[in-house]
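[1] Following is a predicted model, sequence given first.
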Amino acid sequence: MKLGKRPYILYLITCVTVLALGISHVSAQESAQRWTTETTLRYKSVGDTAISPDGKLIAYTVREALTEGELSEFRTHIWIVAADGSMNYQFTYGDRSCFNPSFSPDGKYLAFLSSRGSDKKTQIWLSRFSGGDPEQLTKTTTGVNAYSWSPDGLRIAYTMTDPPSEEEQKRKREKRDARVLDTNFIYSHLYTIAVEKDSQDERKVKRLTQGDFHVSSNSFMGSNPPFDWSPDGKTIVFEHQVSPLSEDWTTGDISCVPSDGGPVRPLMMRNGVDSKPRYSPDGKWIIFASDNGNTKHAFLQDFYIMPSEGGEAKKLAKTYDRYSSQIMGWSTDGKEFYYLELYKTSQELFSIPIDGGKPRMITKGSGEYSGIVYSKDSKKMAYVYQTTELAPDIYISDTEDLNPVKLTDVNAHYPKYPMGKTQVITWKSQDGLEVEGLLTYPVNYEEGRRYPLILNIHGGPTGVFVQSYTAASSIYPTQVFAEEGFAILRPNPRGSAGYGCEFRFANYNDWGFGDYEDVMSGVDKVIEMGVADPDSLCVMGWSYGGYLTSFVVTKTHRFKAASVGAGFPNLMSFTGTTDVPGFIPDYLGGQPWDRMEAYMKHSGMFHVKGVTTPTQILHGEEDTRIPIGQGLEFYSALKIQGCPTEMVVYPRTPHSPREPKFVIDIADRVLKWFNKHLGRESKR
């Protein structure tokens, strides 16, 4: 399913499948030298990156889990590694996370976001490399959403959600704070703050935008903000939408404003989504992504270039997937820019010329590249890289001539237990469409022996399974299942990103049918390979994966057990209760009252009669993307019919589980459910 404010699919869905955890103690389970959910708690994920202007230092974040006693939270801190490998040390400490690091243009400061202050709000903090404790820069009422240094390093621009008025605060105190939906929006706006204090020992804050529009605060650009400084520091270009509603990501426009204050000047105001604006190094042009008015929830975006003063936009060459996730940087000569995009089961770095030439792939190989950052002269780049068997770490390379050097070993402490091999496999679906997926074999796999198979369906539906580290902790921990003797198939059926726009749009008006055939033909492929036992099949999925799992059990009795995570089996009631009510109408071509038969055809709830597959339901209690009523509907229908079922509700949990203890609880419950209904004894 889709997450966040604007393009809300890919990465948070990926986060559901690769939630990374860590812990300081070693459990008794680990002495058995095998993968368990407790073992994977020690895993540390690598996140935000930043590189000093001279390319000599890289800042990066490490996230681990704390689960001792009453704690169940992720904590992130910043580390610094030298490009020559001479040092690597933890830079921030404390009981509050520190994230989104960014070097000042002169390299003397490192800024970061944290709620470590007494107000517990996310603020910008500054650390001087010359020494001293971090200093709180901003003191905003509602916290900082995103920030960026000015080119001269004298100011920092940031976005902040508007604070409540005195009257609003009074109504809340007096318990008179009833809300009328879709009114009185709380917008996010753009500000700047001086880095140095003035003669009154204060930092000057300047508000740059105000009014009934929302400066996008979650731009699906990694740690990059939804705005950019012009090279001369005089102007800031930014993206905005009509309101903060999740559904209003479809109204993205681009404007600019003088950095010293002044009127906002629209640059691109038209139907559809225009987003991710970035200045060229000479300041003459602005690069941005756009769907050119063809706004779809499966996304179809191209890159455009326009004069920085405004004017006609020119479309650049089409990219492979026509759905780039991030604009990363520029070539040294300013003739092309770099961007990240999915390429089948990998995430790769590409470049595209601004003169209309064809894109080229820079990184070529299996695995996942992320967090790419460039030195000031663009000659050096640092990034996070991982593969199915290689944990994520920081690497540095020349930009034009890739010669990666590994700088960190974040998971040096992590067990090196035997892993089930993962390979990319392809097969033909029923209609001849070629489909790809990742097959992980059981640990200590014996050729010629058949094993129980777990079909794991991703979210989205424009999510995608990529070649990321398979021993990371997750709600669906691949190596833990492989240790239990399961083979795991993670297919990328029609509708997935990474295979071109035609493939991504191939499931329109076809949910539960073509995609069903794609995943089932994948199961048949693994059986045909002699790996899977056809009488020991299980299926699971979260979000859209939960939707399709709920549909699978209404169409076949081949599976011995199923687990539906945050699924939405009733597309009618889902459309009326989700925070993205336009999602299903886009895919099905109309509203429920206009296309009732289509909604019934593609909803598991309307085919639930006769389901006998033991089906587990897992749902977050605070999920606004897929409200808990969806899980309750399916659970009640199964229970009434006498189908073996259970429903587990996770308090405080939105669409993606955020608490480490719940993450491993989900994994353990799924494993227990599958083993029970396969008549297997757990190896634990």
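    Received it, and whenever you're ready, just let me know what you need.
[2] Can you tell me how far residue 92 is from residue 82?
    17 Å (Cβ to Cβ, to the nearest Å). For the C-beta atoms, the positions are set from N, CA and C on the backbone; glycine is no exception.
[3] which of these two has more neighbours?
    Applying other Cβ atoms under 10 Å to residue 92 and residue 82 shows that residue 92 carries more neighbours, namely 23 against 15.
[4] Would you mind measuring from the closest residue to that one other than its chain neighbours to residue 48?
    Once flanking residues are discounted, residue 92 sits nearest to residue 98: 4.0 Å by Cβ to Cβ, 6 or more residues apart in numbering. Distance of residue 98 to residue 48, given as Cβ to Cβ: 10 Å.
[5] and for these two, which residues touch both?
    By the contact definition Cβ atoms under 8 Å, 6 or more residues apart in numbering, residue 98 and residue 48 are jointly contacted by residue 61.
[6] Can you tell me how far residue 146 is from residue 237?
    Applying Cβ to Cβ to residue 146 and residue 237 gives a distance of 14 Å.
[7] Likewise for residue 613?
    Computed as Cβ to Cβ, the residue 613 to residue 237 distance reads 53 Å.
[8] returning to what we had before: how many other residues sit next to the residue nearest to residue 92?
    Residue 98: 23 surrounding residues under other Cβ under 10 Å.
[9] Need the pLDDT of it.
    As predicted, residue 98 sits at a pLDDT of 97.
[10] That one and residue 77 touch, don't they?
    Yes - in this structure, residue 98 is within contact of residue 77 by Cβ atoms under 8 Å, at 5.5 Å.
[11] Could you tell me which residues touch both of those two?
    61, 92.
[12] Helices along the chain, start to end?
    10-18, 37-40, 166-173, 478-483, 501-504, 514-528, 544-555, 571-577, 583-588, 596-601, 629-640, 660-678 (DSSP state H).
[13] contacts for the fifth one?
    Going back to what we said before, that points to helix 501-504. 298-300, 321-323, 433, 462, 494-497.
[14] pLDDT for these - can I get that in CSV?
    What follows is these, written out as CSV (pLDDT from 0 to 100):
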residue, pLDDT
298, 90
299, 91
300, 92
321, 95
322, 94
323, 89
433, 97
462, 95
494, 98
495, 97
496, 97
497, 96
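[15] Straight-line length of stretch 571-584, end to end?
    One end of stretch 571-584 to the other measures 7 Å (Cα to Cα, to the nearest Å).
[16] In that stretch, which residues are buried?
    Buried residues in stretch 571-584, counting neighbours by 16 or more other Cβ atoms under 10 Å, are found at 571-575, 577-580, 582-584.
[17] wait, isn't residue 348 in contact with residue 340?
    Yes - judged on Cβ under 8 Å, residue 348 makes contact with residue 340 at a distance of 7.3 Å.
[18] Any regions of the protein where pLDDT drops low?
    Scanning the chain for pLDDT under 70 picks out the ranges 1-32, 217-223, 325, 683-684.
[19] What about it, which residue is the most distant from its middle?
    residue 199 (43.7 Å; Cα atoms, centre = their mean).
[20] Tell me the spacing between it and residue 369.
    Separation of residue 199 from residue 369 (Cβ to Cβ) stands at 47 Å.
[21] Then residue 265?
    From residue 265 across to residue 369, the span is 36 Å (Cβ to Cβ).
[22] Those two: who's more crowded?
    Using other Cβ under 10 Å, the more surrounded residue of residue 265 and residue 369 is residue 369, with 21 against 13.
[23] can you give me the strands in the stretch 101-250 of the chain?
    Ranges of strands within the stretch 101-250 of the chain are 109-114, 123-128, 135-136, 144-149, 155-161, 188-194, 205-207, 214-215, 227-229, 235-241, based on DSSP state E, counting those that start in this stretch.
[24] returning to what we had before: adding distance to residue 437, write the buried residues of stretch 571-584 out as CSV.
    CSV is the format used below for the buried residues of stretch 571-584 (distance: Cβ to Cβ, whole Å):
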residue, distance to residue 437
571, 25
572, 31
573, 31
574, 26
575, 29
577, 32
578, 28
579, 30
580, 27
582, 30
583, 25
584, 25
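[25] Of these, which is the nearest to residue 209?
    Proximity of the buried residues of stretch 571-584 to residue 209 (Cβ to Cβ) peaks at residue 579, which lies at 24.5 Å.
[26] Okay, buried residues for stretch 178-189 please.
    For stretch 178-189, the neighbour count (16+ other Cβ under 10 Å) marks 187-189 as buried.
[27] typo on my end, it should be stretch 319-338
    For stretch 319-338, using 16+ other Cβ under 10 Å, the buried residues are 319-331, 336-338.
[28] In strands, which of those appear?
    Of these, the ones assigned to strands by DSSP state E are 326-330, 336-338.
[29] Out of the strands of the stretch 101-250 of the chain, the one nearest residue 378 is which?
    Using Cβ to Cβ, the nearest of the strands of the stretch 101-250 of the chain to residue 378 is strand 227-229, at 15.8 Å.
[30] Quick one: distance of that closest one to the chain centre.
    In terms of Cα atoms, centre = their mean, to the nearest Å, the centre of strand 227-229 is found 22 Å from the chain centre.
[31] got it, and stretch 286-304?
    19 Å.
[32] same check, this time on stretch 615-628
    Using Cα atoms, centre = their mean, the offset of stretch 615-628 from its chain centre is 19 Å.
[33] For residue 103, which non-adjacent residue is spatially closest?
    Nearest to residue 103 is residue 52, by Cβ to Cβ, 6+ apart, at 4.8 Å.
[34] cool, and residue 539?
    In space, residue 539 is closest to residue 455, 4.4 Å off (Cβ to Cβ, 6+ apart).
[35] Ok, residue 366 next?
    That would be residue 467: by Cβ to Cβ, 6+ apart, it lies 5.0 Å from residue 366.
[36] now do residue 364
    residue 348 (7.2 Å).
[37] Now for the one you found, how many residues are close by?
    20.
[38] any idea how far it lies from residue 46?
    18 Å.
[39] And for residue 297?
    For residue 297, the distance to residue 46 equals 30 Å [Cβ to Cβ].
[40] just residue 155 next, same as before
    Relative to residue 46, residue 155 is positioned 30 Å away (Cβ to Cβ).
[41] quick one: stretch 427-434 to chain centroid distance?
    Computed by Cα atoms, centre = their mean, the separation of stretch 427-434 from the middle of its chain amounts to 29 Å.
[42] for stretch 143-152, same thing?
    22 Å.
[43] Check stretch 317-331 too.
    Centroid separation for stretch 317-331 versus its chain: 17 Å, with Cα atoms, centre = their mean.
[44] now swap in stretch 583-603 and tell me
    Distance, centroid of stretch 583-603 to centroid of chain: 27 Å (Cα atoms, centre = their mean).
[45] now swap in stretch 428-440 and tell me
    Computed by Cα atoms, centre = their mean, the separation of stretch 428-440 from the middle of its chain amounts to 24 Å.
[46] in the stretch 401-550 of the chain, which spans are strands?
    In the stretch 401-550 of the chain, the strands defined using DSSP E, counting those that start in this stretch lie at 405-406, 422-428, 434-440, 451-457, 487-492, 532-542.
[47] right, so of those, which gets closest to residue 167?
    Of all the strands of the stretch 401-550 of the chain, strand 532-542 sits nearest to residue 167, with 41.5 Å by Cβ to Cβ.
[48] and the closest one, what other elements does it pack with?
    Judged by 3 or more Cβ pairs under 8 Å, 6 or more residues apart in numbering; DSSP states H and E, strand 532-542 is in contact with strand 451-457, helix 514-528, helix 544-555, strand 559-565, helix 660-678.
[49] right, and those - which one's nearest residue 638?
    Using Cβ to Cβ, the nearest of these to residue 638 is helix 544-555, at 8.8 Å.
[50] Can you list the buried residues in that closest one?
    544-554.
[51] One more: stretch 447-466?
    Neighbour-count burial for stretch 447-466 [16+ other Cβ under 10 Å]: 450-466.
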